[in-house]
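Participant: Any chance you could fold what I've pasted below:
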Amino acid sequence: MKLKLSFIFLFSLFIFSSLGLSAQGSNVIIVEVTDTIDQYTVEIFKESLEQAKSQNSEAIILLLDTPGGGLAQTFEIADIINESEIPFVGYVYPQGSAAWSAGTFILLSCHVAAMADYTIIGSAQPVEITIEGSKLVTDSKRINALVSWIETRAEMRNRNITIAAKFITENLNVNETSALGYQVIEHTSPSINQLLIDINGTSVVTARGEVIINTINAKQIGYSPSIGIQFMKFFSNPILTSLLLMLGIFAIIFGISSPGFGAEVFGVIAILLSLIGSGFAISILSIIFIIIGCLLLIIEVFATPGFGIIGIGGIICLLFGGIFLIPNYSTDWAISMDWINQAITIIIVVAVIIVIFFAFLLYKIIQIRRKKAVVGTFIGETAKTVDRITPYRPGYVRFKGELWNATADITIEPNTKVIIVEKDESTLRIKPK
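Facilitator: Okay, the predicted model is just below:
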């Protein structure tokens, strides 16, 4: 009898210890979702989900603070959430944050939705940019499609489909108190710690069926994007990609007109980074204006005297090309109108500054190229190499502020002082000083 009682005691102790270890060993992954929603946000969701699987996490907590973003990417994120076996908890956080437009779509797609104090969701009606500025999309076909989508997601999570629809049809905004009262979220929690207490024991349906969330004493593991995703995320900002493309194009034009400074190399790198960041989603009209502008400026630099209507026309075309680089949010994006207006203002102002700066540089280069050749004795004068010059490959040297083609009998490295030993029309023969 004593042996049986000892066995029962030990077995009970083992069970309780196991339960205690299990409770202590639970964890949640904390993922910050900020800035615009784009393709690299999708990659963040994929990577954090893989981390949660490897950590056997109870849930993934999304800290939402976003003006919105791409609808295509938002739908992909919603599919990731819907197909996940691990619950996603959308949490508009910290205080004063907002999950507008695409952020609201993501919040309502989560298995559990919560908001911190003094936060806002809504403004999910898409906007478009026209020649008159940004305006709300009212096309019934697109609006009805989005309404059906968000109503379906709300119904899946037992939330108020009427209010969910009004986020789009009326551009409705609600704070955390109203959202809870309207039953579009489940919790209002002032902190992450309180959120974990509030959602503990919640039963949700994931891809593997009904799951009960256990977050009491759960360890909070912060998700950190890989270096590759951080790099791509930085360059995916629509404002940055637009400005990089314009800056790269002007740098190439400057490099062609005045070789030896490496501007063309910088230009190519800037354009490649812009294309990577934008996912090659660049307006055809913008490309046309930019190509015409480049051709006109090249003609102005190399073919026509002075700086006249051709050069001015090239600058105007490049300016229009830069403006048309502003993303079009009419069909593919749901984002805060304030964010778009700020983006337009920033891009236009910086584009004008870039145009003025490079126009001034090009004007000065043209002046130097068109002025009379330096008068005086060349033989015996000192110059400095710009390129690497070999017996088989000529290069440029800088002589009295001008670039001259030069040859040498031996290899001479860049930035080397040389002596001019002979002049043959527009080519100089040099030797080291």
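
Participant: from what I can see residue 203 touches residue 210, true?
Facilitator: Yes - using Cβ atoms under 8 Å, residue 203 is in contact with residue 210, at 5.9 Å. Where C-beta positions appear, they are placed from N, C-alpha and C, glycine not excepted.

Participant: so who does the nearest residue to residue 166 once chain neighbours are set aside touch?
Facilitator: Taking Cβ to Cβ, 6 or more residues apart in numbering, and ignoring the residues beside it in sequence, residue 166 has residue 172 as its nearest neighbour in space, at 4.2 Å. With contact taken as Cβ atoms under 8 Å, 6 or more residues apart in numbering, residue 172 is in contact with 122, 123, 163, 166.

Participant: neighbours around the closest residue to the second one other than its chain neighbours, how many?
Facilitator: When the adjacent residues along the chain are set aside, residue 123 lies closest to residue 100, with 4.6 Å between them (Cβ to Cβ, 6+ apart). Neighbouring residues of residue 100 were enumerated by other Cβ atoms under 10 Å; the total is 29.

Participant: my guess is residue 100 meets residue 120, correct?
Facilitator: Yes - contact criterion Cβ under 8 Å: residue 100 and residue 120 qualify, at 7.5 Å.

Participant: Got phi/psi on the residue nearest to residue 123?
Facilitator: phi -90, psi 160 (degrees, to the nearest 10).

Participant: From residue 84, how far out is it?
Facilitator: Between residue 100 and residue 84 the computed distance is 24 Å (Cβ to Cβ, to the nearest Å).

Participant: ok, so of the contacts of residue 172, who is nearest residue 194?
Facilitator: Taking Cβ to Cβ as the measure, residue 194 lies nearest residue 122 of these, at 23.5 Å.

Participant: if I pick the closest one, what's in contact with it?
Facilitator: Neighbouring residues of residue 122 by Cβ under 8 Å, 6+ apart: 100, 104, 167, 171, 172, 173, 174.

Participant: Tell me what it is bridged to.
Facilitator: On the basis of DSSP bridges, residue 122 is bridged to residue 100, residue 173.

Participant: can you tell me how far it sits from residue 170?
Facilitator: Note on residue 122: its distance to residue 170, by Cβ to Cβ, is 9 Å.

Participant: Residue 252 now?
Facilitator: Distance of residue 252 to residue 170, given as Cβ to Cβ: 48 Å.

Participant: Pick out whichever of the two has more residues nearby.
Facilitator: The residue with more neighbours, out of residue 252 and residue 170 and counting by other Cβ under 10 Å, is residue 252; that gives 19 against 12.

Participant: my read is that one is in a strand, agree?
Facilitator: No - with DSSP: H, G, I helix; E, B strand; the rest coil as the criterion, residue 252 is helix rather than part of a strand.

Participant: May I ask you to confirm that residue 386 is in contact with residue 402?
Facilitator: No - with contact taken as Cβ under 8 Å, residue 386 and residue 402 are classed as non-touching, separated by 11.1 Å.

Participant: the strands in the stretch 101-250 of the chain, which residues?
Facilitator: Assigned by DSSP state E, counting those that start in this stretch, the stretch 101-250 of the chain shows strands spanning 112-115, 120-122, 127-130, 133-136, 173-175, 187-188, 203-206, 209-212, 219-222.

Participant: As JSON lines, the ones you listed with distance to residue 53 and mean pLDDT would be great.
Facilitator: Formatted as JSON lines, those follow (distance: least, Cβ to Cβ, whole Å; pLDDT from 0 to 100):
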{"stretch": "strand 112-115", "distance to residue 53": "19", "mean pLDDT": "98"}
{"stretch": "strand 120-122", "distance to residue 53": "28", "mean pLDDT": "95"}
{"stretch": "strand 127-130", "distance to residue 53": "37", "mean pLDDT": "65"}
{"stretch": "strand 133-136", "distance to residue 53": "40", "mean pLDDT": "66"}
{"stretch": "strand 173-175", "distance to residue 53": "34", "mean pLDDT": "96"}
{"stretch": "strand 187-188", "distance to residue 53": "25", "mean pLDDT": "97"}
{"stretch": "strand 203-206", "distance to residue 53": "12", "mean pLDDT": "96"}
{"stretch": "strand 209-212", "distance to residue 53": "14", "mean pLDDT": "95"}
{"stretch": "strand 219-222", "distance to residue 53": "13", "mean pLDDT": "95"}
